[in-house]
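Asker: I'd like to go over a predicted model; first the sequence, then the structure.
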Amino acid sequence: MSIQIYNTLSKRKEEFKPLEPGKVKMYVCGPTVYNLIHIGNARPMIVFDTVRRYMEYKGYEVNYVSNFTDVDDKIIKKANEEGVEPGVISERYIAECKKDMEGMNIKPATKNPKATEEIGGMLDMIQTLIDKGHAYVAADGTVYFRTRSFKDYGKLSHKNLDDLQGGNRSLLVSGEDQKEDPLDFVLWKPKKEGEPYWESPWSEGRPGWHIECSVMSKKYLADEIDIHAGGEDLIFPHHENEIAQSEAANGVPFAKYWMHNAFLNIDNKKMSKSLGNFFTVRDISKEYDLQVLRFFMLSAHYRNPINFSHDLMESAKNGLDRIVTAVGNLTHLAENAQAGAMTDEEKALLEKTAEMTAKFEAAMEDDFNTADAIAAVFELVKFANSNSSAGNTAEYLNALKAKITALTDVLGLITEKEAEMLDEEIENLIAQRQQARKDRDFAKADEIRDTLLAKGIVLEDTREGVRWKRA
């Protein structure tokens, strides 16, 4: 069976055929780094990391690029509030984002380009668009894209240009009177007081948001790529504008397959700070191992909205524990098992697991249906629990465990626990943390706390001193 992908562009499932045999060029829109990432940011990170993992499982070489938007109004605002350069804010939160991504077991991208390091490429693409008549320079040095000059505008979002201009003005990119057409969008904007800026032929300023992904994708992948992905909120106008820019500049289709994950709600409501239901990944990590968050995100199909709640997270925790416990039991049995080659009976049992692996692959190849893939893993776990004992050979038990871990690794789930820390080790680290705090080395103190938390040890600072417990 071939991999089927639901393509937002065609609104149907299509057979995946890479542009270059054996290779996948994949671009995923990354976060704007002005704060800790929230659980809505986590969904596309987890989903498309899993897509990448399955492609690699099937033998593809995946070039996976995901950007960091490190110049933006929110970053500048936060920098001004703190009295620091915007780069201080962006570098801080890039580091924090990577820490959260590691906790969710998201593989490092082939490349994580930053907008501020790609200005030269943006200037080149903007000039190309001007030269081709797709962009123009306003009197104040703003550069706009002529939206109507790209005849296929709206093909991704399936929106009609006349409808956008007429009845759905709320969907338009905000602009000024100097635009030739209200639908035109910004490629370059002049500097304002207190903002970072770069030199350009048109004005001292900075790029618009949409241009960065077009340039980064072109530079680190190709003019035409296999997969472009992100949250469904990016379909319009961001991805629509990317297509217009890239195809107008490069003269070839931008991406063959467009993938978008659906929204995440909190207790059946949209996540919002005003509603008090806004959670960062770091918030969740204080109550759950981030592997639980990953399992939860994969428990629904990526194109379906998913509802986050405490009860559903508990259910995810219990489900993941079932898999981890089964793998742990197999490890324990194998360590104490009899030596010798696998018996014929064991070989016959092992052959039966092929059916469950086939179900897993069929689910993943049907537009990455991770919910059904997890169901196949549970079948394999149930089989392992029923067909393993102290009487089996180590070879068989290890082979059975390998069958489970091969599939859970595709899902990015870590099912083999690290050796538990001894109480003495914990007390020593707590003592080191206390000393670091006395020395006012708060970075080291926080690092030790995070190390313990990652190993399932929760610290509580009380009047009587530091207490710890296992999560």
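Answerer: Sure, I can see it.
Asker: so how many other residues sit close to the residue nearest to residue 281 when sequence neighbours are not counted?
Answerer: Counting by Cβ to Cβ, 6 or more residues apart in numbering, residue 281 lies nearest to residue 100, which is 4.3 Å off, once chain neighbours are set aside. For every residue, glycine as well, the C-beta is placed using N, CA and C. Look at residue 100: counted by other Cβ atoms under 10 Å, it has 22 neighbours.
Asker: residue contacts, residue 100?
Answerer: Residue 100 makes contact with 36-37, 42, 281-282, 285, 290, according to Cβ atoms under 8 Å, 6 or more residues apart in numbering.
Asker: next: residue 391.
Answerer: By Cβ under 8 Å, 6+ apart, the contact list for residue 391 reads residue 338.
Asker: could you check the pLDDT of it?
Answerer: What the model reports for residue 391 is a pLDDT of 92.
Asker: tell me which element it falls in.
Answerer: When elements are defined using DSSP states H and E, residue 391 is found to belong to no helix and no strand.
Asker: residue 96 versus that one, what's the distance?
Answerer: Using Cβ to Cβ, to the nearest Å, one obtains 49 Å as the distance from residue 391 to residue 96.
Asker: and for residue 177?
Answerer: 40 Å.
Asker: try residue 216
Answerer: Residue 216 sits at a distance of 21 Å from residue 96 (criterion: Cβ to Cβ).
Asker: try residue 25
Answerer: 28 Å.
Asker: for the spatially most central residue of the chain, phi and psi?
Answerer: With distances taken as Cα atoms, centre = their mean, the chain has residue 45 as the residue nearest its mean C-alpha position (0.9 Å). When quoted as degrees, to the nearest 10, the phi and psi of residue 45 stand at phi -60, psi -50.
Asker: isn't it right up against residue 101?
Answerer: Yes. Counting by Cβ atoms under 8 Å, residue 101 is a contact partner of residue 45 at 6.3 Å.
Asker: ok so, going back, which one of residue 25 and residue 96 has more residues nearby?
Answerer: Here residue 25 and residue 96 are set side by side on neighbour count (other Cβ under 10 Å), and the busier one is residue 25, at 24 against 17.
Asker: for that one, give me its contacts.
Answerer: Contacts for residue 25 were tallied using Cβ under 8 Å, 6+ apart; they are 19, 63, 221-222, 225-227.
Asker: quick one: secondary structure of it?
Answerer: When states are read from DSSP: H, G, I helix; E, B strand; the rest coil, the local structure at residue 25 comes out as strand.
Asker: can you give me the helices in the stretch 51-200 of the chain?
Answerer: Taking DSSP state H, counting those that start in this stretch as the criterion, the stretch 51-200 of the chain contains helices spanning 73-82, 86-103, 119-131, 161-166.
Asker: for residue 365, which of those helices is the nearest?
Answerer: Closest approach to residue 365 among the helices of the stretch 51-200 of the chain is made by helix 86-103 (25.9 Å; Cβ to Cβ).
Asker: any buried residues in that closest one, and which?
Answerer: By neighbour count, and taking 16 or more other Cβ atoms under 10 Å as the criterion, the buried residues in helix 86-103 are 86, 89-90, 92-94, 96-97, 99-101, 103.
Asker: would you put the C-alpha positions of that helix in CSV?
Answerer: Output in CSV follows, covering the C-alpha atoms of helix 86-103 (Å, rounded to 0.1, in the frame of the first residue of the first chain):
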residue,chain,number,x,y,z
PRO,A,86,14.9,41.9,20.5
GLY,A,87,17.6,39.3,19.9
VAL,A,88,17.8,38.7,23.7
ILE,A,89,14.1,37.8,23.8
SER,A,90,14.2,35.6,20.7
GLU,A,91,17.3,33.7,21.7
ARG,A,92,15.9,33.1,25.2
TYR,A,93,12.7,31.6,23.9
ILE,A,94,14.3,29.6,21.1
ALA,A,95,16.3,27.9,23.8
GLU,A,96,13.2,27.3,25.9
CYS,A,97,11.3,26.1,22.9
LYS,A,98,14.0,23.5,22.1
LYS,A,99,13.9,22.4,25.7
ASP,A,100,10.2,21.7,25.4
MET,A,101,10.6,20.0,22.1
GLU,A,102,13.2,17.7,23.6
GLY,A,103,10.7,16.8,26.4
